[in-house]
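[1] the following block contains a protein sequence and its predicted model.
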Amino acid sequence: MGTSVDAAHTEGTESALSVKKPKVVFVLGGPGSGKGTQCANIVEHFGYTHLSAGDLLRAEISSGSENGTMIQNMISEGVIVPPEVTIKLLEKAIMESENDKFLIDGFPRNEENRAMFESVTGIVPEFVLFFDCSEEEMERRLLSRNQGRVDDNIDTIRKRFKVFVESSLFVINYYNSKGRVRKIDAAKPVAEVFEAVKAVFTPVDDKAAA
């Protein structure tokens, strides 16, 4: 019975998303690459809505639901959450927003995520914004920040980086082959990084306005 309900939900959402035709940009980068900060800048300057897969998952965990408990256990083990769980949360957030431009941050995490997102939602991203940063720099940033994140200890950081490299780079390579990757040197200071980001987004917005 659960499957039929999920199928009905997916079918209904797909048709609604097809009507809405949102513009989507995937934002990828390892833990500590600064993509969250840059997403906030993009929201302010270009009017996108920022959807963080991680934030949506953490909100689900905080809700205390059975789904949230399952997600918590997976994150603690450094395991990637099943794509259908994240996609369902993203679909809901897109449909509940009045905006039609979205940054999807931290998703897709692997090739399975990518293929399922496109087949379920019918959405192909405008491009993938990839914040490229060395493991050493990301590790330094994560250990120096104090946000109270339970997953910011050295072992988990290294595990998260390993998962990112082994999984997300396949997604980046796929979209690169389609000419849809915009790579940003994320090791530079925040202001310099955003100058590079603005250069990527300005042509897109000018084209949309034309």
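    Good, I have the coordinates. The structure presented is a predicted model; accordingly, all values stated were derived computationally and were not measured.
[2] mind jotting down where the helices sit in this protein?
    Assigned by DSSP state H, the chain shows helices spanning 2-20, 35-46, 53-62, 66-76, 83-96, 111-121, 135-144, 154-163, 169-177, 190-209.
[3] in the fifth one, which residues are buried?
    Spelled out, that is helix 83-96. Pro83, Val85, Thr86, Ile87, Lys88, Leu89, Leu90, Glu91, Ala93, Ile94 (16 or more other Cβ atoms under 10 Å). Quick note: C-beta positions are derived from backbone N, CA and C, even for glycine.
[4] could you dump that helix to CSV, C-alpha only?
    The C-alpha trace of helix 83-96 is given here as CSV (Å, rounded to 0.1, in the frame of the first residue of the first chain):
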residue,chain,number,x,y,z
PRO,A,83,17.6,9.3,-3.5
GLU,A,84,13.8,8.9,-3.3
VAL,A,85,13.9,10.4,0.2
THR,A,86,15.8,13.5,-0.8
ILE,A,87,13.9,13.9,-4.1
LYS,A,88,10.6,13.8,-2.3
LEU,A,89,11.7,16.6,0.0
LEU,A,90,13.1,18.7,-2.9
GLU,A,91,9.8,18.3,-4.9
LYS,A,92,7.8,19.4,-2.0
ALA,A,93,10.0,22.5,-1.4
ILE,A,94,9.9,23.5,-5.1
MET,A,95,6.1,23.1,-5.3
GLU,A,96,5.5,25.1,-2.1
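[5] tell me what angle that helix forms with helix 53-62.
    Using axes from the mean of the first three to the mean of the last three Cα atoms, to 10 degrees, the inter-axis angle of helix 83-96 relative to helix 53-62 is 100 degrees.
[6] what's the angle between helix 83-96 and helix 66-76?
    Using the same axes, to 10 degrees: helix 83-96 against helix 66-76 is 120 degrees.
[7] which residues does Asp105 form a beta bridge with?
    On the basis of DSSP bridges, Asp105 is bridged to Val27, Ser52.
[8] coming back round to it: any idea which of the helices of the chain scores lowest on pLDDT?
    The minimum mean pLDDT among the helices of the chain belongs to helix 2-20 (a mean of 50).
[9] ok, and what's touching stretch 73-86?
    6, 53, 56-57, 61, 67, 70-71, 107-110, 112-113, 116-117, 120, 151, 156, 159-160, 163, 167 (Cβ atoms under 8 Å, 6 or more residues apart in numbering).
[10] I'd like the helices of the chain as a markdown table, with distance to Phe102 appended.
    A markdown table is the format used below for those (distance: least, Cβ to Cβ, whole Å):
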| stretch | distance to Phe102 |
| --- | --- |
| helix 2-20 | 10 |
| helix 35-46 | 10 |
| helix 53-62 | 12 |
| helix 66-76 | 21 |
| helix 83-96 | 6 |
| helix 111-121 | 11 |
| helix 135-144 | 25 |
| helix 154-163 | 24 |
| helix 169-177 | 16 |
| helix 190-209 | 13 |
